[in-house]
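>>> Need the 3D shape of this:
(one chain, ligands or ions: 2)
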Amino acid sequence: MNKFQINAPGKVILHGEHAVVYKKPAIAAAVGLSTKLEFYPQPESHVAVFILDSLNCTYEIQLQQFNEFVRDFRVKYPESKLECTAKLLEDVRVVIAKQFESGTTNSPKHLQSQKTFLSIYFLLAGTVLAAPDTELTLKTGFKVHIDSEINIGSGLGSSAAFGATLAAAFLIITGHFDEKTYTKLENKALISQWAFELERIMHGTPSGVDNTVVTYGGMLRFVKGQGFQTIKIQKPLNIMLVDSRVNRNSADNIAKVRHLWETFPKVVDSIWNTCEEIVADAIPLYENFGNAKDDSERFEKLERLFQINNELLKAVGVTHPKLEQIFAIAFKRGFFSKITGAGGGGYAIVLLPENYESNQVYWKLKEELESAGFGVQATTAGGEGLRIKTLED
Ligand SMILES: Nc1ncnc2c1ncn2[C@@H]1O[C@H](COP(=O)(O)OP(=O)(O)O)[C@@H](O)[C@H]1O
Ligand SMILES: C[C@@](O)(CCOP(=O)(O)O)CC(=O)O
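Numbering: from 1, shown residues only. Ligands and ions are numbered 1, 2, ... in the order given. Below you'll find the model as predicted:
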């Protein structure tokens, strides 16, 4: 088995957050920050070791016990493979609970790591059970090192990136495909599908947009429950991600907006209709951006759509004084910005023009945001999805 490396990006929502909950379209894109997984075979070992930098902890799976678990599961459910993910999850929960009770695993961030370890064990067992070799067992150990540039739990899709890298690694070691053939459509679909399973562990009822964006990359239009369409962009968009450093909870914000909708259904529905029009007007701008030498007119139109979209999000009450401070600083310097995701804190995105780095005002903006205590990262929206490369010795 080879050493290999897998990178998967996070995601941002460009338009349609919240409206998407009410069956309106949204646009999401791969963000230029990624999670990196490195896989090292350990032929002399019988342990799978996971070094998780973001959680500052390590998780070990003893392969002998793992293989027994898989064997027992096959005996219990001889007829089913992938169809029984719910049953598999139930059984894996028992294993992980026992490991935590007996202290064989311990981690400083108990709750977070419990879900992570559950996801790892579940995904490994699931990919072994669904392997082309129906009797597969894991004979030799390996080491997996995962670190990430994506802030965890802040709406940038860290769990989908984590899930997609793990799924791809496990699908390789269980013989579904290799470091070259992963690009085939059916293999990407398999990665996204398993990353979705992991999203279900993390969120309960995910829309499926995060695992799709991180696997395939680019920009997508999506409607909840209706699937995805690729937006054929010419090149990724430059954006600045600004971290308000205010903790937010997506579920609370979604509930708050729902309450407003229940109180004033016609008013809020008309906001969602406008959000839908924003998506419709934005798509041709994104598709043609980068086509012409002078894109400035398109860029200015996009800026206005960003501004209108942001005002609508503010109207449904998902802004925060810290986000307002970011919008004011950006606007003062001539940049347009908006909330991305659930709001109430979390991130804002600022649209950046071509060659922004040679623009003095950009550096002033960055400096002012940083000295006001915000986290600032210039990156892209709409770049590459998951990729795998073999590592040399
Ligand atoms: N790099 C990582 N290493 C370990 N676990 C991770 C990593 N990234 C994400 N996770 C898992 O995903 C969870 C975050 O998921 P979630 O709350 O959906 O945040 P996000 O919006 O960033 O996807 C974490 O609690 C952790 O269990
Ligand atoms: C508010 C919402 O539209 C986006 C969720 O935001 P976040 O990615 O959790 O920040 C909810 C959803 O799409 O499920």
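>>> Tell me which helix or strand comes right after the helix or strand containing Val279.
If you go by DSSP states H and E, Val279 is part of helix 265-288. Counting by DSSP H and E, the element after helix 265-288 in chain order, helix or strand, is helix 296-315.
>>> What's the mean pLDDT across that next one?
Mean pLDDT, computed over helix 296-315, is 96.
>>> Any part of that helix near ligand 2?
No - using Cβ under 6 Å from any ligand atom, we find that helix 296-315 stays clear of ligand 2, coming within 9.5 Å at best. All C-beta atoms are positioned from the backbone trio N, CA, C, and that covers glycine.
>>> who's in contact with the next helix or strand after that helix?
Note on helix 296-315: by DSSP H and E, the next helix or strand toward the C-terminus is helix 321-332. The contact list for helix 321-332, computed with Cβ atoms under 8 Å, 6 or more residues apart in numbering, reads 242, 244-246, 310, 336-337, 339, 343, 345, 348, 350, 365, 368-369, 372, 374.
>>> cool, stretch 42-49 as well?
By Cβ under 8 Å, 6+ apart, stretch 42-49 touches 58-64, 66, 124, 138, 140-144.
>>> Per-residue pLDDT of Lys235, please?
93.
>>> what are the phi and psi values for Arg245?
phi 60, psi 20 (degrees, to the nearest 10).
>>> and it, how many residues sit next to it?
Neighbour count of Arg245, defined by other Cβ atoms under 10 Å: 14.
>>> which among the contacts of stretch 42-49 gets closest to Lys11?
Closest approach to Lys11 among the contacts of stretch 42-49 (Cβ to Cβ): Val144, at 22.6 Å.
>>> what sits opposite the closest one in the beta ladder?
Phe39, Phe50 (DSSP bridges).
>>> Give me the sheet partners of the helix or strand hosting Val12 and which way each runs.
Element membership for Val12, per DSSP H and E: strand 3-15. Looking at strand 3-15 with DSSP bridges, its partner strands are strand 26-42 (antiparallel), strand 387-391 (antiparallel).
>>> what about the strands in the protein?
3-15, 26-42, 47-52, 57-62, 141-148, 219-223, 227-231, 237-243, 337-339, 347-351, 375-381, 387-391 (DSSP state E).
>>> Could you export these as a markdown table, including distance to Asp178 and mean neighbour count?
Formatted as a markdown table, those follow (distance: least, Cβ to Cβ, whole Å; neighbours: other Cβ atoms under 10 Å):
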| stretch | distance to Asp178 | mean neighbour count |
| --- | --- | --- |
| strand 3-15 | 9 | 26 |
| strand 26-42 | 12 | 23 |
| strand 47-52 | 19 | 19 |
| strand 57-62 | 22 | 18 |
| strand 141-148 | 15 | 19 |
| strand 219-223 | 27 | 21 |
| strand 227-231 | 25 | 14 |
| strand 237-243 | 33 | 23 |
| strand 337-339 | 41 | 27 |
| strand 347-351 | 36 | 27 |
| strand 375-381 | 29 | 18 |
| strand 387-391 | 9 | 15 |
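>>> for Thr340, what are its contacts?
Contacts of Thr340 by Cβ under 8 Å, 6+ apart are 12-14, 17, 155, 346-349.
>>> ok, back up a step: return the member of the contacts of stretch 42-49 nearest to ligand 1.
Ranked by distance to ligand 1 (Cβ to the nearest ligand atom), the contacts of stretch 42-49 are led by Tyr59 at 9.3 Å.
>>> For the residue nearest the centre of the chain, which non-adjacent residue is spatially closest?
Centroid-nearest residue in the chain, with Cα atoms, centre = their mean: Gly157, separated by 2.3 Å. Excluding the flanking residues, the one nearest Gly157 by Cβ to Cβ, 6 or more residues apart in numbering is Lys11, at 3.8 Å.
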